[in-house]
Structures are given as structure tokens and as C-alpha cells.
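1. model this:
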Amino acid sequence: MPKPDFTNATWRKSSHSMAQNDQCVEIATAFGYVSIRDSKIQQPKF
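-> As a prediction, the model looks like this:
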């Protein structure tokens, strides 16, 4: 199964992320898939 393309996905921060420390977990959806990433790395994990 090919991985979905999250290039143009809208990422949003988790409400549990610590924005003041720049430690953020972001999530996005695309084509029925959900992906998470560390905002410092910007590489989605499927």
C-alpha cells in the first residue's frame, strides 16, 4: 500500500504540546489517514 502524500496537509498542534518550550507534536489527516510529527523535525510518521 503506498503512503499518502502529506506535503500539502494542514498540520495542527496537539493541545498537550508545550508551546513555550518549542516542544510540539502535530497531526494532520489526508485521504483517510492520520499522521503525526515532531514540529522540530517536520518529517511525518505514518
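2. which stretches of this protein aren't confidently modelled?
-> Scanning the chain for pLDDT under 70 picks out the ranges 1, 16-23, 42-46.
3. can you do 50?
-> Within the chain, no stretch has pLDDT under 50.
4. residue ranges of the strands in the chain, please?
-> 12-13, 25-30, 33-38 (DSSP state E).
5. Packing partners of the first one?
-> In this structure, strand 12-13 makes packing contacts with strand 25-30, judged by 3 or more C-beta pairs under 8 Å, 6 or more residues apart in numbering; DSSP states H and E. Bear in mind the C-beta positions are built from the backbone N, C-alpha and C, glycine included.
6. for the strand it packs on, which positions count as buried?
-> Residues of strand 25-30 classed as buried: Glu26, Ala28, Ala30 (neighbour count, 16 or more other C-beta atoms under 10 Å).
7. how about JSON lines for the residues you listed, with distance to Lys40 added?
-> Shown next, in JSON lines, are the buried residues of strand 25-30 (distance: C-beta to C-beta, whole Å):
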{"residue": "Glu26", "distance to Lys40": "10"}
{"residue": "Ala28", "distance to Lys40": "16"}
{"residue": "Ala30", "distance to Lys40": "21"}
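8. from the residues you listed, which is closest to Ala9?
-> Nearest to Ala9 among these: Ala28, at 3.8 Å, using C-beta to C-beta.
9. correct me, but the closest one touches Val34?
-> Yes: Ala28 is within contact range of Val34, at 7.5 Å (criterion: C-beta atoms under 8 Å).
10. re earlier: and of the buried residues of strand 25-30, the nearest to Thr7?
-> Ala30 (9.0 Å).
11. number of nearby residues for Phe6?
-> By other C-beta atoms under 10 Å, the residues close to Phe6 number 19.
12. separation between it and Ser35?
-> Computed as C-beta to C-beta, to the nearest Å, the Phe6 to Ser35 distance reads 5 Å.
13. How about Arg12?
-> Note on Arg12: its distance to Ser35, by C-beta to C-beta, is 12 Å.
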